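Participant: Build me a model from this:
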Amino acid sequence: MTTITPSNINEYIAGFPPATQKILEQIRATIRQAAPDATETISYAIPTFSQNGHLVYFAAFKNHIGFYATPTGHEAFEKELSIYKQGKGSVQFPINEPMPLDLIRKIVEFRVAQNLENNFFKKLAAPAKRALAAAGIQKLSDFEKISENDLAQLHGIGKNAIDSIKKAMAESGISFSN
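Facilitator: Numbering: from 1, shown residues only. Have a look, this model is predicted:
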């Protein structure tokens, strides 16, 4: 690998031998398929994908690919990742074995949904947050338990909040109860 810090993922990948480049491109393509709206950047001098916050990072080493979906991606897939060597917030996929691309895809999809949910509630105005908390709504999937009319009746929920909620629900494939 080159000692110059790459400014983008293409430069990062180009700094490795062809066999490693192929693996890195497979991982990159898998992430892109799971998170088509994510942006690619270099953070901590390694490839990083972000969408409503950082999703995952990856890095090539001599004998493995480091994959970082900290902290929750590793926690949520603890059983599936248990067969790989791990560190705090990292997992090592041996470079001489097939990459677990399906597992990487699942982890990225999980992180996309999680970031959407986390950022959604942060963006709501304080009255809407209080109204939702009082109604016991703490995550997007909780909206499946109520109707749109029930939501509109909550004190503190205005048109902007309803529009934001409906948009986030649509992006997550969630719908109101009837």
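
Participant: State the mean pLDDT of the helix ranked longest in the chain.
Facilitator: Determined from DSSP state H, the single longest helix within the chain is helix 101-123. For helix 101-123, the mean per-residue pLDDT is 89.

Participant: for it, packing partners?
Facilitator: helix 18-34, strand 54-60, helix 72-76, helix 78-81, helix 159-172 (3 or more CB pairs under 8 Å, 6 or more residues apart in numbering; DSSP states H and E). In this view, the C-beta of every residue, glycine as well, is placed from N, C-alpha and C.

Participant: Serialize these to a markdown table and add fields for mean neighbour count, distance to Thr41 and mean pLDDT.
Facilitator: What follows is the helices and strands packed on helix 101-123, written out as a markdown table (neighbours: other CB atoms under 10 Å; distance: least, CB to CB, whole Å; pLDDT from 0 to 100):
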| stretch | mean neighbour count | distance to Thr41 | mean pLDDT |
| --- | --- | --- | --- |
| helix 18-34 | 16 | 12 | 97 |
| strand 54-60 | 22 | 9 | 96 |
| helix 72-76 | 17 | 18 | 88 |
| helix 78-81 | 13 | 24 | 94 |
| helix 159-172 | 15 | 22 | 86 |
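
Participant: between those, which gets nearest to Ala45?
Facilitator: Nearest to Ala45, of all the helices and strands packed on helix 101-123, is strand 54-60, at 8.3 Å by CB to CB.

Participant: The helix or strand that the closest one is followed by - what's its average pLDDT?
Facilitator: Heading C-terminal from strand 54-60, the first helix or strand you meet, by DSSP states H and E, is strand 64-68. Computed over strand 64-68, the mean pLDDT rounds to 97.

Participant: Show me what counts as buried in strand 64-68.
Facilitator: If you call a residue buried by 16 or more other CB atoms under 10 Å, then strand 64-68 has these buried ones: 64-68.

Participant: now do stretch 81-101
Facilitator: 81, 84, 90-93, 99-101.
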